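# with the input below, show me the fold.
(4 chains)
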There are 2 protein chains.
Amino acid sequence: MQMDERKKKILRAIIQDYIVTAEPIGSRTIARKFDLGISPATIRNEMSDLEVLGLIEQPYTSAGRIPSDAGYRYYVDCLMVEEELSGEEKAIIERETTRRINEIQEVITHTSKLLSQLTSLTSIVLGPLKGTSTFGQIHFLPYQPGQAIMVMVKDNGVVENHIVDIGFNVNAEELQQVAAVLNQKMRGQSLKKVKKGLLQEIHSELTKQHHLLDKALEMLAVILDGCEEKEQVYLGGTLNMLNQPEFRNLDKVKTLFRFFEEDESLKKLLQPTHEGLNITIGGENIFKEFHDCSVISATYRIDEETIGAIGVLGPTRMNYSKAIAIVDFMTRRISENLTRGCQR
Amino acid sequence: MQMDERKKKILRAIIQDYIVTAEPIGSRTIARKFDLGISPATIRNEMSDLEVLGLIEQPYTSAGRIPSDAGYRYYVDCLMVEEELSGEEKAIIERETTRRINEIQEVITHTSKLLSQLTSLTSIVLGPLKGTSTFGQIHFLPYQPGQAIMVMVKDNGVVENHIVDIGFNVNAEELQQVAAVLNQKMRGQSLKKVKKGLLQEIHSELTKQHHLLDKALEMLAVILDGCEEKEQVYLGGTLNMLNQPEFRNLDKVKTLFRFFEEDESLKKLLQPTHEGLNITIGGENIFKEFHDCSVISATYRIDEETIGAIGVLGPTRMNYSKAIAIVDFMTRRISENLTRGCQR
DNA sequence: ATTTAGCACTCATCTAATGAGAGTGCTAAC
DNA sequence: GTTAGCACTCTCATTAGATGAGTGCTAAAT
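As a prediction, the model looks like this:
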């Protein structure tokens, strides 16, 4: 059996209706709502075919039909009319993403909020990925006796500070000497590399050259821990999920929100399977908790390097064309803005 | 009518049972479950009295009784046997709060987690309060051309960093000069004061003494904004609320979680009405969303100064003795630990 | 050969009715 | 003052129809 033009029209009608109503739709209603020029009986026959093709299914005998995962997939791949964002929406995104930003954290939280507001879905934003940031500069500032404040700046604009215990007194000059060596040796190196071996090397050099006490080793170890790169995940609009009829069930809400608290799993949800826009529909999802959800995600870049990802999560019955348009447009804008920001 | 010993026993029985079962309890069941040595009929008469006194109420005719807000209040004030924490619980809290901590943020998030785990309720932790922190030291580190990283250390151990746009090039020395003056002038001053007038004063002095460009004014203004003290609120164990039978209703869950996203309101929830432990029961709460919830909160201190507050939020039908014991013990431990930490 | 009308049948959902169970309040006896 | 007995009340769970949307099949119409 082949998909002909009429079958496509009917499938599109079913999906578009279901996206709005979340109710199974029958042949009679389709004939009434959509002006296809054919009778309910004909639609019934076609629907029967579509069911054999696995594109739609009946929740129970003599209910209407709803799209299957395969149906959504076919819709997204072949049927969907790509939506052009409204001028207003574009304007909002442009405005919000070109705002001058100094810290990448701000970009992330802000994006997350905007994304969930525009789509009425839950947004997931994945911050700087491991291994992408390189060392920029490090400084030590004296703090309490036996403690120093370490400020580390990465090339992607992230600034981190940590109070480190040194365990013995060091004066500002000594700290600066240490920092100078570190800066010289580590500039532009990936943090991974720094962690792996570079530190050892530097350490032996330091103890020789500057005769800083042997305990400097500990300090370096602390720094090492302090630099632990965390790929932060931000969620936005989690409450939007509660408005979806598929989450009327309290147990589902519980499972969902429990999942939302696990950063590691959320990251996996955004893991791109290929470059560009990723669309994961229903059962395609690796987590069974999300077998009735879909994820639209895309990666953002600084220059050509992938830095992180953004995405929206919603019921399988989401408005794909809109979600895709927004995620796509936003990643482009963010990438552009970040790239520009880092070049200035 | 007076509360005699028997009435108290019965009220206590009703409340203790309701805390566990969340179901109205009747005279017969009380007689069966609790060994009070009196018949259901007698209990019925007493319950009738307790109802007239406003301490218990019937959800509907011929259901059992449940405690009223006034009943809980009476229970908490007069009836409740103060609970001694188990050795194990104490040990956990001791261990978790004495852990060496450098940054106050860690203390807060950690406390929040621990608190919700131990009580199975939702925890709210309010971070450093406005006006309590004084200026410690400030540093400027060169960053990109026209930008510097400002690192500000407050006396309570909070370290903040911000990238500030200066708009013109300044070298490291000049930055250090500015920092030196600022440090000298501002050390130990409250941030409020710094903001209000001190900056103006310093600024006029700076331009005279060091002939730094007039635009330094802008930089100072940015710093001013950067130092905006935010009283951060942390929530923990919000999902615990979903296990409470009073939140079986999805609309309630929605309202609740929407509220959880409003930091400002959450802060008010913890606003202490008096020193020490605060207990707000049901309708006593200022927000109508929480008229079937209770809040147990307490403030924590560094030395004698109140820095923030911690609290737990749960259904009015919460285990008060346990919640109170835990909140009380934890604030003491945190205060001790923070005070010790700042003195070292 | 398609398309359509007609019709019997299915199944979820809504409504009303029924009965069980828990609990009360009152009265009278202990 | 306390208790047993009893009629009464109200919720909740269950059951039985009634309703309605929808299907699949067959036969007639195009």
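# C-alpha only now, for contacts and for neighbours.
Will do.
# and chain A, which residues reach chain B?
For chain A, the residues found near chain B under the criterion C-alpha under 8 Å from any C-alpha of the partner chain are A:102-103, A:159-164, A:239, A:242, A:248, A:250, A:254, A:257-258.
# one more pass at 7 Å, please.
The interface of chain A toward chain B, taken as C-alpha under 7 Å from any C-alpha of the partner chain, is made up of A:N102, A:I163, A:L242, A:L250, A:K254.
# so how many other residues sit close to the fourth one?
Put plainly, it is A:L250. Applying other C-alpha atoms under 10 Å in any protein chain shown, we find 17 residues neighbouring A:L250.
# and it, what does it touch?
Contacts for A:L250 were tallied using C-alpha atoms under 7 Å, 6 or more residues apart in numbering or on different chains; they are B:L250.
# now do the helices in the stretch 101-250 of chain A.
Using DSSP state H, counting those that start in this stretch, the helices of the stretch 101-250 of chain A run over residues A:104-119, A:172-186, A:191-193, A:199-210, A:216-226, A:240-243, A:250-260.
# so how far is the longest one off the chain centroid?
What it means is helix A:104-119. For helix A:104-119, the distance between its averaged C-alpha position and the chain's averaged C-alpha position is 10 Å (C-alpha atoms, centre = their mean, to the nearest Å).
# with the second one instead?
Taking C-alpha atoms, centre = their mean, one finds the center of helix A:172-186 at 37 Å from the center of the full chain.
# got the buried residues for that helix?
For helix A:172-186, the buried set under the neighbour-count rule, 16 or more other C-alpha atoms under 10 Å in any protein chain shown, comprises A:L175, A:Q176, A:Q177, A:V178, A:A179, A:A180, A:V181, A:L182, A:N183, A:M186.
# how many neighbours does A:M241 have?
20.
# apologies, that question was intended for A:P142.
When neighbours are defined as other C-alpha under 10 Å, A:P142 has 19 of them.
# residues contacting it?
When the contact criterion is C-alpha under 7 Å, 6+ apart, the partners of A:P142 are A:A148, A:I149, A:A172.
# most surrounded residue in the residues of chain A next to chain B?
Greatest neighbour count in the residues of chain A next to chain B, by other C-alpha under 10 Å, goes to A:I163: 24 neighbours.
# show me what that residue is bridged to.
The residues listed as beta-bridge partners of A:I163 by DSSP bridges are A:I149.
# low pLDDT regions in chain A?
Per-residue confidence for chain A (pLDDT under 70) gives these ranges: A:100-103, A:130-133, A:156-157, A:166-168, A:191-192, A:194-200, A:202-203, A:206-229, A:341-344.
# mind listing what's buried in stretch A:318-337?
If you call a residue buried by 16+ other C-alpha under 10 Å, then stretch A:318-337 has these buried ones: A:318-320, A:322-324, A:326-331, A:333-337.
# one step back: of the contacts of A:P142, closest to B:S39?
Within these, proximity to B:S39 (C-alpha to C-alpha) peaks at A:I149, which comes in at 70.3 Å.
# would you confirm that that closest one contacts A:H162?
Yes - applying C-alpha atoms under 7 Å as the test, A:I149 and A:H162 come out as touching, 5.7 Å apart.
# now the helix ranked longest in chain A, how far from the chain's geometric center?
What stands out as the longest helix in chain A, according to DSSP state H, is helix A:320-343. In terms of C-alpha atoms, centre = their mean, the centre of helix A:320-343 is set 12 Å apart from its chain centre.
# packing partners for it?
helix A:87-98, strand A:293-302 (3 or more C-alpha pairs under 7 Å, 6 or more residues apart in numbering or on different chains; DSSP states H and E).
# one more time with 10 Å, if that's ok
In terms of contacts (3 or more C-alpha pairs under 10 Å, 6 or more residues apart in numbering or on different chains; DSSP states H and E), helix A:320-343 is packed against helix A:87-98, helix A:104-119, strand A:278-281, strand A:293-302, strand A:305-315.
# DNA strand C contacts on the stretch 51-200 of chain A?
Contacts of the stretch 51-200 of chain A with DNA strand C, taken as C-alpha under 7 Å from any atom of the strand, map to A:Y60, A:T61, A:S62.
# let me have those in CSV, extended by neighbour count and distance to B:Y300.
Supplementary listing: those in CSV, determined by neighbours: other C-alpha atoms under 10 Å in any protein chain shown; distance: C-alpha to C-alpha, whole Å:
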residue, neighbour count, distance to B:Y300
A:Y60, 8, 59
A:T61, 8, 62
A:S62, 8, 63
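# among the residues you listed, which ones are in helices?
If you go by DSSP H, these have nothing in helices.
# just the closest of those to A:V76, please.
For these, the residue nearest A:V76 by C-alpha to C-alpha is A:Y60; the value is 25.3 Å.
# now the phi/psi pair for the closest one, please.
Listed backbone geometry of A:Y60 is phi -160, psi 160, with angles given as degrees, to the nearest 10.
# mind listing what A:Y320 touches?
Contacts for A:Y320 were tallied using C-alpha atoms under 10 Å, 6 or more residues apart in numbering or on different chains; they are A:16, A:19, A:72, A:75-76, A:80-83, A:119, A:279, A:294-296, A:314, A:326.
# ends of stretch A:74-83, what's the gap?
Using C-alpha to C-alpha, to the nearest Å, one end of stretch A:74-83 lies 17 Å from the other.
# got the contact list for it?
When contacts are defined by C-alpha under 10 Å, 6+ apart, stretch A:74-83 is touched by residues A:8-9, A:11-12, A:15-16, A:55, A:67-73, A:279, A:281, A:320-326.
# on that earlier part again, which one of the contacts of A:P142 is nearest A:M3?
Closest approach between the contacts of A:P142 and A:M3, by C-alpha to C-alpha: A:I149, at 66.3 Å.
# for that closest one, give its distance to A:E160.
In this structure, A:I149 and A:E160 are 10 Å apart, going by C-alpha to C-alpha.
# which one's more surrounded, the two?
Residue environment comparison for A:I149 versus A:E160 gives the larger neighbour count to A:I149, 19 against 16, counting by other C-alpha under 10 Å.
# residue contacts, the more buried one?
Shown in contact with A:I149 (C-alpha under 10 Å, 6+ apart): A:139-143, A:161-165, B:151, B:153, B:159.
# how close does the residue most central in space within chain A get to B:T61?
A centroid search over chain A (C-alpha atoms, centre = their mean) returns A:I310, at 2.9 Å, as the residue closest to the centre. In this structure, A:I310 and B:T61 are separated by 55 Å, where distance is defined by C-alpha to C-alpha.
# A:Q2 now?
Counting by C-alpha to C-alpha - A:Q2 and B:T61 are separated by 66 Å.
# equivalent analysis for A:T134, please.
Counting by C-alpha to C-alpha, the gap between A:T134 and B:T61 amounts to 71 Å.
# kindly report the same for A:M3.
Taking C-alpha to C-alpha, one finds A:M3 at 63 Å from B:T61.
# returning to that earlier point: among the contacts of A:I149, which pair sits farthest apart?
Farthest apart among the contacts of A:I149 by C-alpha to C-alpha are A:D165 and B:V151. That separation is 18.0 Å.
# which one of the two is surrounded by more residues?
Using other C-alpha under 10 Å as the criterion, A:D165 and B:V151 rank with B:V151 on top: 22 against 19.
# residues touching the nearest residue to the more buried one once chain neighbours are set aside, list them.
Nearest-residue entry for B:V151: B:N161, 4.4 Å, with adjacent residues in sequence omitted and distances by C-alpha to C-alpha, 6 or more residues apart in numbering or on different chains. For B:N161, the contacting residues are A:103, A:151, A:159-161, B:138-140, B:149-153, B:226-227, taking C-alpha under 10 Å, 6+ apart as the criterion.
# doesn't A:L242 make contact with A:N249?
Yes - counting by C-alpha atoms under 10 Å, A:L242 is a contact partner of A:N249 at 9.5 Å.
# A:L277 - how many residues pack around it?
17.
# run through the bridge partners of the residue nearest to it when sequence neighbours are not counted.
Using C-alpha to C-alpha, 6+ apart and skipping residues adjacent in sequence, the residue nearest A:L277 is A:A298, 4.6 Å away. A:A298 has the following beta-bridge partners by DSSP bridges: A:I310.
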